[in-house]
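A.B. asks: Sharing a model that was predicted from the sequence below.
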Amino acid sequence: AQRVTQPEKLLSVFKGAPVELKCNYSYSGSPELFWYVQYSRQRLQLLLRHISRESIKGFTADLNKGETSFHLKKPFAQEEDSAMYYCALLPLEYGNKLVFGAGTILRVKS
Amino acid sequence: EPEVTQTPSHQVTQMGQEVILRCVPISNHLYFYWYRQILGQKVEFLVSFYNNEISEKSEIFDDQFSVERPDGSNFTLKIRSTKLEDSAMYFCASGGGPNRAEQFFGPGTRLTVL
């Protein structure tokens, strides 16, 4: 079975502090991993995906197959980063359905 | 930039009534999806639709649910006889443009069953 675990419901940091949102997955095949973000009163939008290896809004995420993790990191948090962050897995051998984690609320305090 | 749109934003209905949730996917996309999120829970996959037929569905997507692409632009989710536990946010998504695996989400419809 495919599963995504985000252990923290809420992560609260001060502006300028580093951020790490944790994501672990369970999947025996070759996964494709994503981070989606939902700002207040807005839709879910793709933040980044592991195959693109981009840095978006200062965020990066590296797929670690040994640890089955895909943690989201940013060296210096900004207030506008406050949002709900969802890690998601696309189990490619099983079609196109996304499997989501429970989400982590990131709150950046000034 | 094109976006997925959904109507209505909020639907209130009585238990046992039929509801139709509407979505307009991004125009050149080929894959369409419905997800739902019960308050306080994870976003869950319901169904995917490609080439005018269901390509995959979850255990949640039982005989009470159906999907349709009636006119080449809209994509609808029908719940035949709503139950209290159908109360949730329903998200439509579309994908299959240049990058098949990326899915673009609509703003959601909040369904409240009384």
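C.D. replies: Now that the structure is in, tell me what you want to look at.

A.B. asks: Which parts of stretch A:66-79 count as buried, going by neighbours?
C.D. replies: Buried residues in stretch A:66-79, defined by neighbour count with 16 or more other CB atoms under 10 Å in any protein chain shown: A:68-72, A:74, A:77. C-beta: built from backbone N, CA, C; applies to glycine.

A.B. asks: ok, so of these, who is nearest chain B?
C.D. replies: A:Phe70 (14.9 Å; CB to the nearest CB).

A.B. asks: Surely that closest one touches A:Ser26?
C.D. replies: No - if you go by CB atoms under 8 Å, A:Phe70 and A:Ser26 don't touch, sitting 12.0 Å apart.

A.B. asks: Spit out the contact partners of A:Ala83.
C.D. replies: Residues near A:Ala83 by CB atoms under 8 Å, 6 or more residues apart in numbering or on different chains: A:37-40, A:105-106.

A.B. asks: among these, which ones are buried?
C.D. replies: Here, 16+ other CB under 10 Å leaves A:37-38, A:106 buried among these.

A.B. asks: nearest to chain B, of the residues you listed?
C.D. replies: Using CB to the nearest CB, the buried ones among the contacts of A:Ala83 come closest to chain B at A:Gln38, 8.9 Å.

A.B. asks: beta partners of the most centrally placed residue in chain B?
C.D. replies: Centroid-nearest residue in chain B, with CA atoms, centre = their mean: B:Trp34, separated by 3.3 Å. With DSSP bridges as the criterion, B:Trp34 is bridged to B:Val47, B:Cys92.

A.B. asks: just checking, it touches B:Leu46?
C.D. replies: Yes - with contact defined as CB under 8 Å, B:Trp34 counts as touching B:Leu46 (4.3 Å).

A.B. asks: Need the residues touching each of these two.
C.D. replies: Common neighbours of B:Trp34 and B:Leu46 (CB under 8 Å, 6+ apart) are B:77, B:90.

A.B. asks: count of residues packed around B:Lys57?
C.D. replies: Other residues lying near B:Lys57 total 17 when counted by other CB atoms under 10 Å in any protein chain shown.
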